[in-house]
Structures are given as structure tokens and as C-alpha cells.
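[1] Here is a sequence with its predicted model. Questions after.
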Amino acid sequence: MRVSTLATFLILALLLSGCQLPYLMSGAVEQIRILNKRTPINKAISSGKLENSEIEKLKYSQKASLFAEEIGLKCESNFKTYVKLNRPYVSYLVIASEKEQLKLKKWSFPLVGSFPYIGYFSEKKAKSYQKQLIKKNYDTYLRGASAYSSLGWFNEPILSSMIRGSKESLAETIFHECFHGTFFLKDNVELNERLAVFIAHKSLLLFLQNKPDLIKKELESWQDQKLFSAFLKDILDYTKSSYKNKQATRTEIFNKIHDDYQNKLKPNLKVLDYSKVFDRDLNNAKLLAFKTYFHDFKQLEDLYNNKFEGDIIKMIKYFINLSNKSKNKIQDELKEVNISLK
């Protein structure tokens, strides 16, 4: 497996232009290091090197990955091994946008298409590239990622960055990443991520079906996410209109968003706190980074309730069948069920 993974990265590297080659080769080297550190979870648990909390979450991860397969998500041989990292996040994503319009910079790669962010395994390298973009007058935002999907190219491990939170958040992450391996539409990262967030949430509810207290907590959290999603849609519309019609300066736009969060959204939240999103460092890149994952869940709720009668397994099967069709047919079908591709 390690040999074929290396070969895959080398082939991709050769397809890239010269300026992308060093970036991808550096990433490939780090990826191989991670893969070489994989330890079967049973062996990791019996090693005597892990804390009780780590052992508990690794055992829980196996229940979650097995459940993911049972409901149709393609996990295959993923999440059967463990890698302990020497950093809090596995990778660091750099997002960039134009300053005077809500337009993300895109990075394109052969086979997998374009992405509205670029990832680094090194925080130092991510910050260095972020500084280059700032010098080119981009708005930028850098965030850590606890997990990522290889889209089925290799057997993914449970990473120590994935088990820093609760057991339930670990399960949700597994469902999220398994969905990426189940359905992926090239050049449509926002759709892919919104679907993964939504389906992971519904899968988690089913996974917790005999634990009413945990379900109640998850539903309260999801209600906050839906409020955030609706609020995000409104402020993006406001920001786009303000830039287009020159109704306000950037400072005025972001100050208004900050105040609207404090006065309109925050008082209605029960579990989650988005204060760090809407702090005084807000810019276009930060807004659009959250749009990628949390924009307009209403469309997906309507699809889930009306077409699939609130059955997440039916919804997963639908996307499995859809994944076997051409990109154009997938787009046509999604438009027919009123799912936005943007």
C-alpha cells in the first residue's frame, strides 16, 4: 500500500506545473511519513503507551466506523489504524479572497479538480504562504484541520487530532470523512462539504438512537448550526450587495456583521458560540471559509424530509447511485431536487 500511495503522489506531481511541484512533493513526503506511522488500533491499545481517554475513544471509533459501513457509507478499510501526531492538527488550510468582492481564490489539481483552499502539513509553511498572499493584497484566513479524506486512495488512520474532542464529535468526523469517500463531485467543494456536514449529523443521530440525552444535546447543537447557517446566508447577501452598490466601506460592513452577531444571533444560541468567527479580525476569506461548510442547510433539510422521508440510509443510497453517473448528469439531477451547486 505504501508503494502505490507513493506512486500516486509521484504521478500527480509530474502532472503539475513547475511552481506546484515543490508544494506537492513536500506534501507527499509528509503524507508518506503519516502512513508509515500507522499502527493497528488493537496493537495501539495494548501498547501501554496511551492514556485511558485515548483508548476509550479509539474503541469508540471502531464502533462508529462499523456503523458507517452498516448504513452504506464507504469506509472500507479506513480508520482501522492509529497515528499519533506531534501537532494539534494534521494540516493547516489557507483560504484567500479578493478584498472588494466575495470571490475565493481557487487552486486546481489534476484528477481532483479545483479547491477554495490549499493545505499544508506544516503550520509554519502555511503561515509563510499566507504572508505571500497578504502581500498580493488578498484577504486571508488560516485554520487547522483535524482530519481529511483521501477519497479512497489509501487506508486512512484515526489521527490523534481527531480524538481531541468528545466521542460524539469523533464519530461525526468519521461519518463526515466516510461520506467524502462515498460521494465526491469534482470542482464542487462547497456542495461536497455541506453534504458531508449534513449527512454526518443525521448519521450521528441514528448512531445515538438509544441515548436520548446525547440526542437532545446533538439536536440543540444542530439547531444552533442551522441558525448560524441562516445568519451566514443573510450577511453574505448583505456583504455582496454592499460591495456591488458601494453602500459601505469594508470597516463598516464588518463592524455591522459583528454587531448583528452580538445582538441577533448570539442571544438565540443554546450550545454553540461563534464569537471567534465574528471577532474584529473578520474579512472576506473568513466569511467564505465558513460558507463552504455551513451555507443554507434548508435545502438539504427539505430534501431529507420530503424526498427521503427523514431516512438517512435512503439519502445515502441516493448519493451512492448518483456517484456512478457522469458529472453533468449528477448536476442535472441535483438541480431537479433544488440543490444548489454553489
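    Received, thanks.
[2] Worst mean pLDDT across the helices and strands of the protein, which element?
    Lowest on mean pLDDT, DSSP states H and E among the helices and strands of the chain sits helix 2-15, with a mean of 40.
[3] Just the buried residues of stretch 279-292, please?
    Buried residues in stretch 279-292, counted by 16 or more other CB atoms under 10 Å: 282-292. Placement of C-beta: from N, CA and C, glycine included.
[4] Show the average pLDDT along it.
    Across stretch 279-292, pLDDT averages out at 91.
[5] likewise stretch 156-172?
    Mean predicted confidence for stretch 156-172 is 93.
[6] start to end distance for it?
    Using CA to CA, to the nearest Å, one end of stretch 156-172 lies 16 Å from the other.
[7] chain center to it, what's the gap?
    Relative to its chain's centre, stretch 156-172 lies at 13 Å (CA atoms, centre = their mean, to the nearest Å).
[8] Look up phi and psi at residue 92.
    Here is the backbone geometry of residue 92 (degrees, to the nearest 10): phi -130, psi 120.
[9] What degree of burial does it show, as a neighbour count?
    Neighbourhood size, residue 92 [other CB atoms under 10 Å]: 23.
[10] in which helix or strand would I find the closest residue to it other than its chain neighbours?
    Spatial nearest neighbour of residue 92, chain neighbours left out: residue 126 (3.8 Å); criterion: CB to CB, 6 or more residues apart in numbering. Here residue 126, judged by DSSP states H and E, is contained in helix 123-135.
[11] Output that helix as CSV - backbone C-alpha positions only.
    Output of helix 123-135 as CSV, limited to C-alpha atoms (Å, rounded to 0.1, in the frame of the first residue of the first chain):
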residue,chain,number,x,y,z
GLU,A,123,1.8,25.4,10.2
LYS,A,124,5.0,27.3,9.5
LYS,A,125,4.7,26.7,5.8
ALA,A,126,1.0,27.6,5.8
LYS,A,127,1.8,30.9,7.6
SER,A,128,4.6,31.6,5.2
TYR,A,129,2.3,31.2,2.2
GLN,A,130,-0.4,33.2,3.9
LYS,A,131,2.0,36.1,4.2
GLN,A,132,2.8,35.9,0.4
LEU,A,133,-0.9,36.1,-0.3
ILE,A,134,-1.3,39.1,2.0
LYS,A,135,1.5,40.9,0.1
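[12] quick one on the thing from earlier: could you tell me which of the buried residues of stretch 279-292 are located in helices?
    Among the buried residues of stretch 279-292, the members falling in helices are 284-292 (criterion: DSSP state H).
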